[in-house]
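S.K.: Pasted the sequence and its predicted model underneath.
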2 protein chains.
Amino acid sequence: MTKRVYNFNEGNKEMKALLGGKGANLSEMVNLGLPVPNGFTITTETCMEYLADPENTVEVLKEDVLEALRILEEQTGKAFNAENLLLVSVRSGAAISMPGMMDTILNLGLNDESVEMLANNTGKPNFAYDSYRRLLQMFGEVVYEIPAHKFARALDNARNSKGYQYDSELQADDLQELIAEYKAIYQEFDHEFPQDPVDQLFEAVRAVFDSWNNPRAIFYRQLNEIADDLGTAVNVQEMVFGNSGENSGTGVAFTRDASTGEKRVYGEYLLNAQGEDVVAGIRTPNPIALLEEQMPEVYAQFTEITETLETHYQDMQDIEFTIENGKLFILQTRNGKRTAKAAFKIAVDLVEEGLINKEQALLMLDPKSIDQLLHPSFKEEALLTAQLVSSKGLPASPGAATGRVYFDAETATEKANEGEAVILVRMETSPEDIEGMAVSQAIVTSTGGMTSHAAVVARGMGRCCVAGVVDLDINYDTKTVNYAGGTIHEGDIISVDGTLGQIFLGALETVPTATDETFETVMTWADEVARMKVRMNAETLSDIQTGLNFGAAGIGLVRTEHMFFAPERLIEIRRFILANNPGTRAQAIQNILPHQQTDFEGIFGLTGDLPVVVRLLDPPLHEFLPHDDHEIEVVSKQLGISVDELTARVKDLQETNPMLGHRGCRLAITYPELYLMQAEAIIRAALRVKEDGINVTPEIMIPLVSTAKELETLRQIIIDHIDEIFVTTGSAVDYTIGTMIETPRACVTAEEIAGHSDFFSFGTNDLTQMVFGFSRDDANNFIHDYSSQGILENDPFQTIDLDGVGSLVKLGAVNGRNVKPDLKLGVCGELGGDPKSVEFFNQVGLDYVSCSPFRVPGAKLAVAQSTIKLAQ
Amino acid sequence: MTKRVYNFNEGNKEMKALLGGKGANLSEMVNLGLPVPNGFTITTETCMEYLADPENTVEVLKEDVLEALRILEEQTGKAFNAENLLLVSVRSGAAISMPGMMDTILNLGLNDESVEMLANNTGKPNFAYDSYRRLLQMFGEVVYEIPAHKFARALDNARNSKGYQYDSELQADDLQELIAEYKAIYQEFDHEFPQDPVDQLFEAVRAVFDSWNNPRAIFYRQLNEIADDLGTAVNVQEMVFGNSGENSGTGVAFTRDASTGEKRVYGEYLLNAQGEDVVAGIRTPNPIALLEEQMPEVYAQFTEITETLETHYQDMQDIEFTIENGKLFILQTRNGKRTAKAAFKIAVDLVEEGLINKEQALLMLDPKSIDQLLHPSFKEEALLTAQLVSSKGLPASPGAATGRVYFDAETATEKANEGEAVILVRMETSPEDIEGMAVSQAIVTSTGGMTSHAAVVARGMGRCCVAGVVDLDINYDTKTVNYAGGTIHEGDIISVDGTLGQIFLGALETVPTATDETFETVMTWADEVARMKVRMNAETLSDIQTGLNFGAAGIGLVRTEHMFFAPERLIEIRRFILANNPGTRAQAIQNILPHQQTDFEGIFGLTGDLPVVVRLLDPPLHEFLPHDDHEIEVVSKQLGISVDELTARVKDLQETNPMLGHRGCRLAITYPELYLMQAEAIIRAALRVKEDGINVTPEIMIPLVSTAKELETLRQIIIDHIDEIFVTTGSAVDYTIGTMIETPRACVTAEEIAGHSDFFSFGTNDLTQMVFGFSRDDANNFIHDYSSQGILENDPFQTIDLDGVGSLVKLGAVNGRNVKPDLKLGVCGELGGDPKSVEFFNQVGLDYVSCSPFRVPGAKLAVAQSTIKLAQ
């Protein structure tokens, strides 16, 4: 027979799935012998049973609950409607803490009759009628969904008509009148407050269960990727009254400082109050330290209990307590929420205190929270009153910044040089905007996704960026942005939250970045534990330095397209693309060579002996051509090609679907000299730095391979070309040649491809696009509909799609290693920095992941956690 | 030990791989006791051995060949340089007949000495010196690559200086002079004719082997998908002389008429001649029938042998013979090449004659050749002198047509209405060009691939089309096309070959289509044998009728996008797309409903009880919007939207990669009403025709699914909507809902998807694009480089890529059926009409393939063949 109800003495903290977090911890505390009011828990399974078949479930549940009530009466020596009056609280409690559901009904069991008993027994009629008044209010709101303002207004009227300032001034007869008014409100909504406490209880239980599916709860689950079929438990617990006099009270305390992590009990309490009074903020609570003076014995007992709980749970605790007539009760304990900074300090401290080991410490930390340490964020208080412009943007690059809006890179640069904090707002960015982006505090675009130019470049720079803010209507001519609530003009101040993808009007105060010793300690521990390495995706010297500072184990992706953009190179690659004869083409490419060699020398000079993967040219050539009339005219003069011809050539090279067009290794099948020049620049740079004692083994990566034959062909010509360089120079270096695995076909035919490859690097951006058939640049148009309808649980560009993309990555890895057991495997897509994805890559057995420099610490932590979990 | 040389009496016809086709058949004929000159064959394996290591191979081969020569001398009683003079022919012979290689050297063994013996022995000095002269010429050309014109000019001079008209008038002393001159030509090229017959033989063998890798041979193999490692055999055979007098001769005959298939020996011969004289066309050969008068006994023997050979080979034979002094020799037999029309007649006749069974007959036919029967083609003679404009086009839709060039649909329509044969030449076509395409004899585009609008629509219409002719430079303003050789103006006549993808200047004569009784018989046999069905991709009534005439088993793909293009519908779908409120949107969609219902009633009226798969809307909505300024202005007025707003909306909806954008089922996730309207139109049409006694079970297909959840969601709302219709109308029909499997993710997650699908239809066009990452519209820019470098053996859009796309199709099919054993499986991409791909689909166990109506017969034959092969 299914057991639907557990007395607190029957559960323990491992039973969270069945009893919910709150129920399991109440049981656990009972087991620890702590002073916890008696009670019982109705299971989460019963909730799912109820939601599928409400009436029958209530029917079968009735018997179990009545039996549980009988035991509770035994334990407490109290009963509903009895002289020794039993009152209970009813609280929801899911396995994972979750706002949005019905929370609490207190004082359940009171009715017209028992309220009199309570008044008589305690001799505190004010307290008794106030408790009844509160029950009516909470019950009406949550069970019958009577609007809260109805009760609030009646309460205000009662108070005001008497000229009172505080609710607590209301006297027994005032409260009796108010109770009558509350009942009238019930009538207004065609309800009647049930006088039978058992009826009250079942109505409350139903309300908790139903609240599992209220819109706020559903939305919260979606947002936090919580499964819909977990259900919530219901905890029914004997009431204790913090508001039964000046010898009573209630409070909340953390065992450590949730903001700094410092080890000291930290919290607040109010005497003669119930929990909601502390939260409501009408009376100012006392700091917990004051309790030592006011109630030294209770304080001593409480601090002892905090120690017990922290030791028992091996983590900082968030504890709710009530004091009833001088007796301490613990109502709840749970792992306390904390800032990222505090989390690091607490984890390290707990290890030093011997409470946990390093592995446990690593597992306590959230890799995603590291962004808080590395990037500034807006102060929470500032956000409370901030005026939102849009929350529909993609959190393309984390951080928080305030500045004045400019719509073009030139003006932004000019104003920044004058000392202004500027924010570059554009429909999209292109390589020409790079300087403007570099001087901006933040970048905002109205189109483009997480892998758009703006997003990728901003992440590389560690610059805050919100991309694809679809509800911004940018007009370059009028230099304005229209949004739902108004218009922003050039020079207006806005604040941009790149961590959450939000934009606000005006300036908001920020919390600065903070990496410290504890951060370094955790990173060292992570390195000790991890098997898989974390490299960085970077090509500029400053980004590389950042990644090295964060402990990157090398570079997993040097994108070389940027090495064609400086003016003296751009003109040559344009000459190359537009050339009509092989001679011009060869000369143009030779003119680029020395520049790129210098770039690589710079990179190798920084990375030293660390591994460096260089991806040969990937984007389609038309990205290098001029697009607007003015630019075409300039280039026409530079290259001596007529405007008409140039326009025609630019048009010829346009593509319908550039993502699937003439790019990647396909370029080199047509123009081998492109890759040969790049390979030469890499090898000559390696030879050059070798003279300085740097032994780099360049890993040359060929992108977008879909057939083994492509790779075989290009690999061979590159090897031949490098052999010639070795002969000419009389010197040599080690190098490897590998490929990106980023087309579905490359995954499926990995066995053949591995035969011609020293390493695979999974390019999860393109792979995801092709596996789903989603263009990242266009998916914004429908991805909102997909997540709001629950069709996609995660954005597959941010967290790996295990069933589709994941299956193919695994297939590619396994098949590649079948042929070549020592094949080096890595990943260099954006997913390389996502903790959940990193866990998968670690399981699959990749040798490294590679991500933007600022994501390196988070990835390292995720790798360590995944390794620990795998070992368990 | 490897056996490198086989005497003709050691081989048989099954040994083609080792002995080549010619060698195996010579052996076979020896086994049959036919009069074949003695000889031996050097194996194809030796050729590959030689190409890898020439010198060592010749070394080891020497011994084997000398031994074979010794046996040949025994068999013939002749010897090199001996009184009883042995002369041999040396011929190449690969397993698959292949032009481009060195063909034949005759009279090998003659030298300055033995030519005198031959003159003396035969008493025919003219014949002897002429034989020597021919040897010198053939040997010089093929072994030393001396330009043929050198020898030809010397021969011309010799003839002219004597005032002769024919070479045969040359006398012994003329020929001796010519021989001296030929030797001088050798000297000029630093060669000397080897006097030792064994040296001659080995030089000739090397030349045959080397010719395997000459450019023409390589090109031919590429074109015909013949592996490069097969190698060629060398046949060394005793010479018999058709030119040794009036009692000698040589000829070629087919056992049936290669043009019509009629059963009669059919061929030509010349008395006193060698084979090359027949080919050279200087003397007019006699029809074979004349031989009966001239040499009745030889003729009787020959006809008997033709019967023997045809019976033995169970196929029409192409036989070379020589008569030497009244004695008949058979030099070669092989299955004769024939026209498609003849092929069908011969196959059917052979069955009727009891020589073969139906299965054998089906296997004899080439499914690709059926195009010849269904579409006109240019006369071969006409092509010989035709002036090529371009051969770089894609053979997008087969057929041959001549007409006047027009550059826009309007003018084309106007001229066609005046009775002109017109050819529409455009950069690309769009739905607005449909009428112009329908009235044209052929369509030519300069961009776009095999699945471009022009290609797909033309194939559907059965209209000849060449797409993506990259070397045409079309200028709409000047109404001209520039090509490498000149300029074509509006109104100029061109001829278009859609079967080969070629364009010619001027008018070319065509061979008309010809399906007849034998065609029908073969199709009936194919249906009897086949398991897998062949449906058609069609939506217009005329195309559907065509497909039904060709025996299509239903429709595998009704594309519904065309159902939005008629003006009264286009305005509504535009209103829908541009609407700012749900009300306008709902009304617009309701206005389209009755039109589409009428369309479906028409379709079901034709197809009757046959299955019909309707694909719900697939292309992105921006395809329905106006693009140029004029059109935008018109639509602005029609819909009462300002030009500015309309322009902005059109721009908003543009996509970077429309192929991977907001299309397919993604449209219906955003706008469910679109698919609900279409489903309603389908179901209401089915209900309507049910009243006429037509029981159609519509198969509603949802395109571009990449997650099971998309399908689950859409399937449910469609079912709910249809249920309402059934309730409203009080009537019902059976229907199914399935999905296209065309994203890699759909293949990988087929198990989940099958749970929500009644059928899968593999969309191989999109699947191929995504598996490779090739945009079909853009791949033209690099696909030439891919095939010329041998990186792609086949165009994967024309023949299935087994390793990549094929693996995923198989995975999808197997996994789908794992979950749902009765899951109906089909394919509706272009590959559904490709014989090689059809064979694969049959192996995988699909229930049907679907292709354009004109490809149905070829597909049916391919299915039958594949079924027979699988059974074997």
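M.R.: Everything's here; your move. Keep in mind that this is a model prediction, so the values were computed, not measured.
S.K.: Would you confirm that residue A:233 belongs to a strand?
M.R.: Yes. Counting by DSSP: H, G, I helix; E, B strand; the rest coil, residue A:233 is located in a strand.
S.K.: ok, it - how many residues close by?
M.R.: 31 (other C-beta atoms under 10 Å in any protein chain shown). (Glycine included, C-beta is placed from N, CA and C.)
S.K.: Also residue A:661?
M.R.: For residue A:661, the neighbour count with other C-beta under 10 Å is 25.
S.K.: can I assume it is in contact with residue A:654?
M.R.: No. Here residue A:661 lies out of contact with residue A:654, judged by C-beta atoms under 8 Å, at a distance of 9.5 Å.
S.K.: any idea how far chain B is from residue A:394?
M.R.: Going from residue A:394 to chain B by C-beta to the nearest C-beta, to the nearest Å gives 16 Å.
S.K.: That residue touches residue A:449, doesn't it?
M.R.: Yes. Using C-beta under 8 Å, residue A:394 is in contact with residue A:449, at 6.3 Å.
S.K.: Would you mark the buried spots in stretch A:586-603?
M.R.: Neighbour-count burial for stretch A:586-603, counted by 16 or more other C-beta atoms under 10 Å in any protein chain shown, picks out A:588-589, A:591-593, A:596-597, A:599-603.
S.K.: Out of the residues you listed, which sit inside helices?
M.R.: A:588-589, A:591-593, A:596-597, A:599-603 (DSSP state H).
S.K.: export those to TSV and tack on pLDDT and distance to chain B?
M.R.: Listed next are those as TSV, based on pLDDT from 0 to 100; distance: C-beta to the nearest C-beta, whole Å:
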residue	pLDDT	distance to chain B
A:588	96	20
A:589	96	18
A:591	97	24
A:592	97	22
A:593	97	23
A:596	97	24
A:597	98	28
A:599	97	27
A:600	98	27
A:601	98	33
A:602	97	32
A:603	98	28
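S.K.: I'd like to know which of those residues is nearest to residue A:118.
M.R.: residue A:603 (77.4 Å; C-beta to C-beta).
S.K.: quick one: contacts for the closest one?
M.R.: Counting by C-beta atoms under 8 Å, 6 or more residues apart in numbering or on different chains, residue A:603 touches A:539, A:541, A:544, A:555, A:558, A:612, A:685.
S.K.: Quick one: neighbours of the second one, just the number.
M.R.: In terms of burial, residue A:541 registers 13 neighbours under the definition other C-beta under 10 Å.
S.K.: For it, which non-adjacent residue is closest in space?
M.R.: Distances taken as C-beta to C-beta, 6 or more residues apart in numbering or on different chains put residue A:602 closest to residue A:541, at 5.7 Å, once the chain neighbours are dropped.
S.K.: again with the fourth one
M.R.: Closest residue in space to residue A:555, ignoring its immediate chain neighbours: residue A:612 at 4.5 Å, by C-beta to C-beta, 6+ apart.
S.K.: quick one: the one you found from chain B, how far?
M.R.: For residue A:612 relative to chain B (C-beta to the nearest C-beta), the value is 26 Å.
S.K.: What does the pLDDT read for that residue?
M.R.: On the pLDDT scale, residue A:612 is placed at 98.
S.K.: quick revisit: got any residues that touch both of residue A:394 and residue A:449?
M.R.: By C-beta under 8 Å, 6+ apart, the residues touching both residue A:394 and residue A:449 are A:455, A:467-468, A:780.
S.K.: Tell me the one of the residues you listed nearest chain B?
M.R.: residue A:780 (9.4 Å; C-beta to the nearest C-beta).
S.K.: How many neighbouring residues does the closest one have?
M.R.: For residue A:780, the neighbour count with other C-beta under 10 Å is 22.
S.K.: which non-adjacent residue is nearest it?
M.R.: residue A:468 is the one closest to residue A:780 (C-beta to C-beta, 6+ apart), at 4.8 Å.
S.K.: list the contacts for the one you found?
M.R.: By C-beta under 8 Å, 6+ apart, the contact list for residue A:468 reads A:393-394, A:396, A:445-449, A:452, A:780.
S.K.: Just those residues: which are in strands?
M.R.: A:394, A:396, A:445 (DSSP state E).
S.K.: picking up where we left off before, from the contacts of residue A:603, which land in helices?
M.R.: Per DSSP H, the contacts of residue A:603 map to helices at A:541, A:544, A:685.
S.K.: Contacts only, for the first one.
M.R.: For residue A:541, the set of contacting residues under the criterion of C-beta under 8 Å, 6+ apart consists of A:602-603, A:606.
S.K.: Can you tell me which of those residues lies closest to residue B:266?
M.R.: For these, the nearest to residue B:266 is residue A:603 (75.2 Å; C-beta to C-beta).
S.K.: and the closest one, how far is that from residue B:388?
M.R.: 52 Å (C-beta to C-beta, to the nearest Å).
S.K.: what pLDDT does residue A:1 get?
M.R.: 68.
S.K.: give me phi/psi at residue A:251?
M.R.: phi -170, psi 170 (degrees, to the nearest 10).
S.K.: now the one 3 residues further on
M.R.: With angles defined as degrees, to the nearest 10, residue A:254 sits at phi -100, psi 150.
S.K.: and it, what are its bridge partners?
M.R.: residue A:266, residue A:318 (DSSP bridges).
S.K.: now for the helix or strand containing residue A:348, which elements pack on it?
M.R.: Assigned by DSSP states H and E, residue A:348 belongs to helix A:340-352. Counting contacts by 3 or more C-beta pairs under 8 Å, 6 or more residues apart in numbering or on different chains; DSSP states H and E, helix A:340-352 is packed against helix A:358-364, helix A:370-374, helix A:517-529.
S.K.: Residue A:328: what's it in contact with?
M.R.: Taking C-beta under 8 Å, 6+ apart, one finds A:35, A:298, A:301-302, A:305, A:321-322 in contact with residue A:328.
S.K.: how long is stretch A:552-561 from one end to the other?
M.R.: 22 Å (C-alpha to C-alpha, to the nearest Å).
S.K.: So which residues make contact with that stretch?
M.R.: Here stretch A:552-561 has contacts from A:533-539, A:544, A:547, A:596, A:603, A:607, A:610-619, A:623, A:678, A:701, A:761, A:826-828, A:832, A:848-851, A:853, A:856, using C-beta under 8 Å, 6+ apart.
S.K.: what does stretch A:679-687 give?
M.R.: With C-beta under 8 Å, 6+ apart, stretch A:679-687 has contacts from A:593, A:596-601, A:603-604, A:614, A:616, A:696-698, A:700, A:718, A:721-722, A:725, A:729, A:731-733, A:735.
S.K.: now do stretch A:774-786
M.R.: By C-beta under 8 Å, 6+ apart, the surrounding residues in contact with stretch A:774-786 are A:392, A:394, A:447-452, A:468, A:470, A:657, A:659, A:765, A:768-769, A:791-792, A:795-797, B:655-662, B:666, B:669-670, B:706.
S.K.: Buried subset of these as a ChimeraX selection?
M.R.: Applying 16+ other C-beta under 10 Å to the contacts of stretch A:774-786, the buried members can be selected in ChimeraX as follows:
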select /A:392,394,447,448,449,450,451,452,468,657,659,765,768,769,791,792,795,796,797 /B:655,656,657,658,659,660,661,662,666,669,706
